[in-house]
Every structure is written in structure tokens, then in C-alpha cells.
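Chemist: Let's see this in three dimensions:
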Amino acid sequence: MTDTSTDPRLSDIDGFRVEIDPDRQRGDIILSRPPMNVIWMGQRDQLRVAFEELDTDDRVRVIVLRAEGGNFSSGGYIKGFLDASPEHVSHLADNIAAPWRCAKPVIAANQGYTFGVGFEISLACDFRIATHGTRYALPEQKLGQIPGSGGSARLMGLIGLARTKDVVMRSRRISGEQARDWGIVVDCVAVDQLVAATDALVAELVAFSPLAQRTAKKLLNDSENATVATGIELEGHCYSRLRQSEDFAEGVLAFHEKRSPAFRGC
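Modeler: All right, here's what the predicted structure looks like:
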């Protein structure tokens, strides 16, 4: 059974909807302005709120960002940039970074055009699944601009400087297969398998300890720009704390008893 979020801050949302499935411990943010799912300026603030609400909802263990129709998103509403103040525009990346800030795992299920801010918010997620027909791009150079919501920085962390220059400075499109080969996505499937692949990843993640999942995500995010020595030190502190958890004790006991662990998140 699927519950639709009724948080008052999301009562006037436009361009997407939020659904919660308590049985699967899953919350979905669904872009719903087909066929291109253009993301309007005000929608960015609302998307941030939606991620924050799902991150604090005890019914949800995994968050999925997906879209209706054949395209994930062709990008932002272009004219909206001309109307927005410089101060507002300078903070666009804060909203689009909402999936990255979530303590819970976030999956982006991409299909068709995944351009501009659609690509950038997907890059802020923990996992991306593409289809054979997915096309990723940061086309801002064609408008005399550059990516403004963290896209170039996040992409460079995944594929390196030379490939990022190739994508950003040439407004180059990347296929789903190439995104998989470059390590941008974890899987590339036929479009009719996208739902099943997303469901399978959700089920896999839900089976792990929620405490260990949150710890792993924070550790990896915090270590992203750290030295190796600092990353190892952070890892050691996190490992030590988890050794005191009930979930770790349950995991060890279940291993020796040859059964599936019953994690409680504490």
C-alpha cells in the first residue's frame, strides 16, 4: 500500500509528487511534468524539502528519485534564470545537494534525457541506474553558461578532469552504456527493466543495518576530499563506534547461526 506525503510544506508542490510505501520502507520523489519534466526554479526548493522530510520519516529506509514519462528531466526552466536574483542563483547548488545530505541511501532511476539540473541532482544521489536510451548531458555551454548546481564538481570526482572537460566544455551527451563504463552509474538496463532494477536495489539496501548504512554514507562523503591518512583515521573512528552497536552484535550472531540478521538500526 502506498501513502502520499501530506506534509504541509509540500501542499502546493508542482512538477513532482511524493509517495511512501511503508511495507517496502521506501519513499519515492517522482518528477511529474512530462514529457520533459522540466524543473522550475521554485521546484528546487520544494525538492529539497521533500528529501529532508523523507530523511526524517521513520517509515522510509531508502529514497528513490524517478520520473514519469520517457525522460527523467531535460533540465531547468531556462527563462527562470533570467527572473531569479543573483543571490538566489548563487545558492542553487544547496537545494540540489539535498540527496547528498540525506543520511539515508538515495537512488536515481534515469531514463531518456537527463540533462542539466536533472543530471546534477542525479549526481548528488548515491546510486544511479540508467537505461540503454538514457542520455546524460550538461549543456550549459550552449547557453553561454556553466553548470551551476554542482554538476561539474561532482562529475569530476567520478570521471576525472579530462573527461569532465570533454563533457562540460563540449556539451557532450553520454549514453547510458558509456556512463556505466565510466563509473557514473551502477547499472544500465533495458527501459522495461528499470523498475525491476530499482526495486531490486532498494530491497538489497533495506536488508542491511540502517545504522551501518548511514555511517558508511557519512564516512564516504566526509572522506571524499580528504587525504588517505585522514580517510583511514575517520574510518577507524566509525568502525570503533559500530562495534558497540546492537546491529553489529546481531550481525555476528546471525553469521554464526547461519541465518539472516534482524537489524534494528541501533
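Chemist: Now for Ser240, how many residues are close by?
Modeler: Around Ser240 there are 9 other residues, counting by other C-beta atoms under 10 Å. In short, each C-beta sits where N, CA and C put it, glycine included.
Chemist: Show me what counts as buried in the helix or strand hosting Val168.
Modeler: Using DSSP states H and E, Val168 falls within helix 161-169. Residues of helix 161-169 classed as buried: 163-164, 167-168 (neighbour count, 16 or more other C-beta atoms under 10 Å).
Chemist: Ok, stretch 96-111 next?
Modeler: Within stretch 96-111, the residues that count as buried by 16+ other C-beta under 10 Å are 96-100, 102, 104-111.
Chemist: between the buried residues of helix 161-169, which is nearest Gly42?
Modeler: Val168 (26.2 Å; C-beta to C-beta).
Chemist: Regarding Ile129, what is its secondary structure?
Modeler: Three-state assignment for Ile129 (DSSP: H, G, I helix; E, B strand; the rest coil): strand.
Chemist: Offset the numbering so it begins at 261, please.
Modeler: OK, 261 is where the count begins now, so the last one is Ile389.
Chemist: Near it, how many other residues are there?
Modeler: Using other C-beta under 10 Å, Ile389 has 28 neighbouring residues.
Chemist: For the protein, which segments count as strands?
Modeler: For the chain, the strands defined by DSSP state E occupy 263-264, 276-281, 286-291, 322-327, 366-369, 373-375, 387-391, 395-397, 434-435, 447-449.
Chemist: Those: which one's closest to Phe523?
Modeler: That would be, of these and by C-beta to C-beta, strand 322-327, which comes in at 13.7 Å.
Chemist: just checking, what packs against the closest one?
Modeler: Packing partners of strand 322-327 (3 or more C-beta pairs under 8 Å, 6 or more residues apart in numbering; DSSP states H and E): strand 286-291, helix 301-316, strand 366-369, helix 454-466.
Chemist: and it with helix 454-466, angle?
Modeler: Strand 322-327 runs at 160 degrees relative to helix 454-466, counting by axes from the mean of the first three to the mean of the last three C-alpha atoms, to 10 degrees.
Chemist: Can you tell me the strand partners of strand 322-327 and which way each runs?
Modeler: The strands beside strand 322-327 in its sheet (DSSP bridges) come out as strand 286-291 (parallel), strand 366-369 (parallel).
Chemist: For the shortest one, what is the distance to the chain centroid?
Modeler: Spelled out, it's strand 366-369. Using C-alpha atoms, centre = their mean, to the nearest Å, the mean C-alpha position of strand 366-369 is found 5 Å from that of the whole chain.
Chemist: CA-only coordinates of it in CSV, if you can.
Modeler: Only the C-alpha atoms of strand 366-369 are listed here, as CSV (Å, rounded to 0.1, in the frame of the first residue of the first chain):
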residue,chain,number,x,y,z
VAL,A,366,19.2,7.7,-2.4
ILE,A,367,18.8,6.1,-5.8
ALA,A,368,18.2,7.9,-9.1
ALA,A,369,16.4,5.9,-11.8
